[in-house]
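[1] below is the sequence, then the predicted model.
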Amino acid sequence: MTQTRAALRPTVLTALLAALLSVLLAPAPASAASLQEVTGFGSNPGALKMYRYVPDGLPAGRPVVVALHGCTQNAAGYASGTGWTTLADRWGFSVVLPQQQSGNNLSQCFNWFESADITRGQGEAASVAQMVDRQLADVSGDPSRVYVTGLSAGGGMTAVMMAAYPEKFAAGGIVAGLPYGCAQAAGSPYVCMYVGATQTPAQWGDRVRAARPGYTGPWPALTVFQGTADYTVKPVNMTALVDQWTNVHGADRTADVADTVAGHPHRVYRGPGGNAVVETYSLTGMGHGQPVDPGTGDAQCGAAGAYFLDVNLCAAYRLGKAWQLG
């Protein structure tokens, strides 16, 4: 038995060494894309940070989505919680994630209510616009397929970008957000959030038109997600958004489609040309947050957590489908 063991020992050692070498010399798996900070993207008058997610091997000519986080959030958390990075890998587009700094706002809210930050060519709005230009240049993105979306204060800033820079965005998605100029119309951001501003549809529309004087090009289409039990941004703000953007598009305020999606009321408003210009999801019983639907199903995305609410509907997926990203 001793002789047999001795005879086997070199064979065993050789096999072990071969196995070890095969592991060491095997090609490393391709690394997954990760969030990257981008500096030097412009004059950055709003003093924001720019992050982006670019799937590995992304070809030229692909869409760009700008995703704006809510108060107390950051770019990385919003990227993963919403599901946008997962969809970027699946469908092939890049994501720009602006990040607020506490020096601008202690709660890290985008300043959707400050005139200096919501005016074309100024403040945070100009910084986000510069990020779009940098991203399009760096990834050779499709300038006709740039979209913007955000939650809460990020939703308010989404309306800002759609109004002040309509030529840059094909469409926008506002989650628990506010109409453009709401704080100025209400006299206070808090009145806007908790009560709403009293404006006619034409007055709401005039606020958008005044943000981009002389603009004759197409306005971005809008999709809105709003919880019916949201006590931070009252549902009346979704009504105001419908009033504002149907007016801008020359559409009436009677829904052309009224159905349910995942059990939640869904409405579509078509413009004079028959295309959908405003779409709404009224999320029954949902509080303040981003709708997500965690799981591995085709229509599922996002991760539940603080301000990421599992209501069996993923806002990012619905927006991506509306924007024909995948």
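    Structure received. Since the structure is predicted, the reported quantities are computational estimates derived from the model, not experimental observations. Numbering: from 1, shown residues only.
[2] ranges for the helices of this structure?
    Counting by DSSP state H, the chain has these helices, from start to end: 2-25, 75-82, 84-91, 115-118, 123-139, 153-164, 182-186, 189-194, 201-211, 236-249, 315-322.
[3] and the shortest one, what's buried?
    Read it as helix 115-118. Counting neighbours by 16 or more other Cβ atoms under 10 Å, one finds that the buried residues in helix 115-118 are 117-118. For the C-beta atoms, the positions are set from N, CA and C on the backbone; glycine is no exception.
[4] could you do stretch 83-101 as well?
    Of the residues in stretch 83-101, those with enough neighbours to count as buried (16+ other Cβ under 10 Å) are 83-88, 90-91, 93-100.
[5] from the chain's centroid, how far away is it?
    Between the mean C-alpha point of stretch 83-101 and the mean C-alpha point of its chain there is a distance of 8 Å (Cα atoms, centre = their mean, to the nearest Å).
[6] dump the C-alpha coordinates for that stretch into CSV.
    In CSV, the C-alpha atoms belonging to stretch 83-101 read as follows (Å, rounded to 0.1, in the frame of the first residue of the first chain):
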residue,chain,number,x,y,z
GLY,A,83,-33.8,49.9,-12.3
TRP,A,84,-32.4,52.3,-14.9
THR,A,85,-29.0,50.7,-15.1
THR,A,86,-30.4,47.2,-15.4
LEU,A,87,-32.6,48.4,-18.3
ALA,A,88,-29.5,50.2,-19.9
ASP,A,89,-27.7,46.9,-20.0
ARG,A,90,-30.7,45.1,-21.4
TRP,A,91,-31.8,47.6,-24.0
GLY,A,92,-28.5,49.4,-24.8
PHE,A,93,-28.6,53.1,-23.8
SER,A,94,-26.5,55.3,-21.5
VAL,A,95,-27.7,57.0,-18.4
VAL,A,96,-26.6,60.5,-17.1
LEU,A,97,-27.1,60.9,-13.3
PRO,A,98,-26.7,64.5,-12.0
GLN,A,99,-26.1,64.7,-8.3
GLN,A,100,-26.9,67.6,-6.0
GLN,A,101,-24.4,68.8,-3.4
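[7] and which of the buried residues of stretch 83-101 is nearest Met161?
    For Met161, the nearest member of the buried residues of stretch 83-101 is Pro98. The distance, counting by Cβ to Cβ, is 9.8 Å.
[8] and the closest one, what does it touch?
    Applying Cβ atoms under 8 Å, 6 or more residues apart in numbering, we find Pro98 in contact with 48-51, 66, 68-69, 75, 110, 124, 127-128, 131.
[9] hang on, Gly70 packs against Tyr78?
    Yes. Using Cβ atoms under 8 Å, Gly70 makes contact with Tyr78 at a distance of 7.4 Å.
[10] what's the overlap in contacts for these two?
    Here Gly70 and Tyr78 share the contacting residues 151, 154, scored by Cβ under 8 Å, 6+ apart.
[11] ok, and the closest non-adjacent residue to Tyr194?
    Distances taken as Cβ to Cβ, 6 or more residues apart in numbering put Lys234 closest to Tyr194, at 6.0 Å, once the chain neighbours are dropped.
[12] if I look at the one you found, how far off is Ser282?
    Lys234 sits 13 Å away from Ser282 when distances are taken as Cβ to Cβ, to the nearest Å.
[13] and for Asp56?
    Applying Cβ to Cβ, one obtains 38 Å for the distance of Asp56 from Ser282.
[14] the more surrounded of these two?
    Higher neighbour count among Asp56 and Ser282: Ser282, with 17 against 10, using other Cβ atoms under 10 Å.
[15] contacting residues for the nearest residue to that one once chain neighbours are set aside?
    Leaving aside its chain neighbours, Ser282 sits nearest to Pro265 (4.4 Å; criterion: Cβ to Cβ, 6+ apart). Contacts were defined as Cβ under 8 Å, 6+ apart; by that measure Pro265 touches 258, 281-282, 284.
[16] ok, what's across the strand from Pro265?
    Pro265 has these beta-bridge partners by DSSP bridges: Thr260.
[17] returning to what we had before: among the contacts of Pro265, which are located in strands?
    Helix and strand membership here follows DSSP state E; of these, those in strands are 258, 281-282.
[18] cool, thanks, signing off.
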